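Asks: What follows is a protein structure lacking sequence information:
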């Protein structure tokens with residue numbers, strides 16, 4: 001689960017845990033955790049932001065995905081989310097985005 005959580009954080013931030021900014025105890029996990037929710041748009045990969053509508057719903061969904069990444073990449077395995085719970089949460093987020101997109105198309 002740890003690697004899955006880090007992968008989610010990498011995909012949404014465009015940063016890698018091996019980047020030079022993550023040295024001396026600084027980690028991708030902590031970088032994202034300390035940025036949520038107030039500075040979420042600052043840590044998101046910029047090309048992703050250009051494609052995404054920055055409405056409240058999309059922002060909420062991005063925060064939720066990053067929170068899943070954070071929980072999955074907790075240091076202690078007992079604190080991590082189970083894979084089926086992560087999959088269910090991500091599926092719910094996907095469905096919310098799809099409903100939002102179809103609602104916007106109707107307008």
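Replies: Thanks, I have the structure now. The structure displayed is predicted, hence computed values, not measured ones.

Asks: going forward, measure contacts and count neighbours with C-alpha atoms only.
Replies: Fine.

Asks: tell me the contacts of the residue most central in space within the chain?
Replies: Note on the chain: the residue nearest the mean C-alpha position is residue 66, at 2.2 Å, using C-alpha atoms, centre = their mean. Residues counted as contacts of residue 66 (C-alpha atoms under 8 Å, 6 or more residues apart in numbering) are 8, 9, 12, 32.

Asks: redo that, cut-off 10 Å
Replies: 5-6, 8-13, 29, 32-33, 36-37, 40, 44, 60, 72 (C-alpha atoms under 10 Å, 6 or more residues apart in numbering).

Asks: List only those of the residues you listed flagged as buried.
Replies: Among these, those classed as buried by neighbour count (16 or more other C-alpha atoms under 10 Å) are 5-6, 8-10, 12-13, 29, 32-33, 36-37, 40, 44, 72.

Asks: And for residue 78, the neighbour number?
Replies: By other C-alpha atoms under 10 Å, the residues close to residue 78 number 8.

Asks: so how far is residue 49 from it?
Replies: 33 Å (C-alpha to C-alpha, to the nearest Å).

Asks: Tell me the pLDDT of the closest residue to residue 79 other than its chain neighbours.
Replies: Nearest non-adjacent residue to residue 79, counting by C-alpha to C-alpha, 6 or more residues apart in numbering: residue 71, 7.2 Å away. Confidence at residue 71, expressed as pLDDT, is 98.

Asks: Which of the helices or strands spans residue 71?
Replies: Assigned by DSSP states H and E, residue 71 falls within helix 56-72.

Asks: what separates that helix from the chain centre, distance-wise?
Replies: 4 Å (C-alpha atoms, centre = their mean, to the nearest Å).

Asks: Which neighbouring elements make contact with whichever helix or strand comes after that helix?
Replies: Later in the chain than helix 56-72, the nearest helix or strand by DSSP H and E is helix 83-106. Helix 83-106 makes packing contacts with helix 2-13, helix 56-72 when contacts are defined by 3 or more C-alpha pairs under 10 Å, 6 or more residues apart in numbering; DSSP states H and E.
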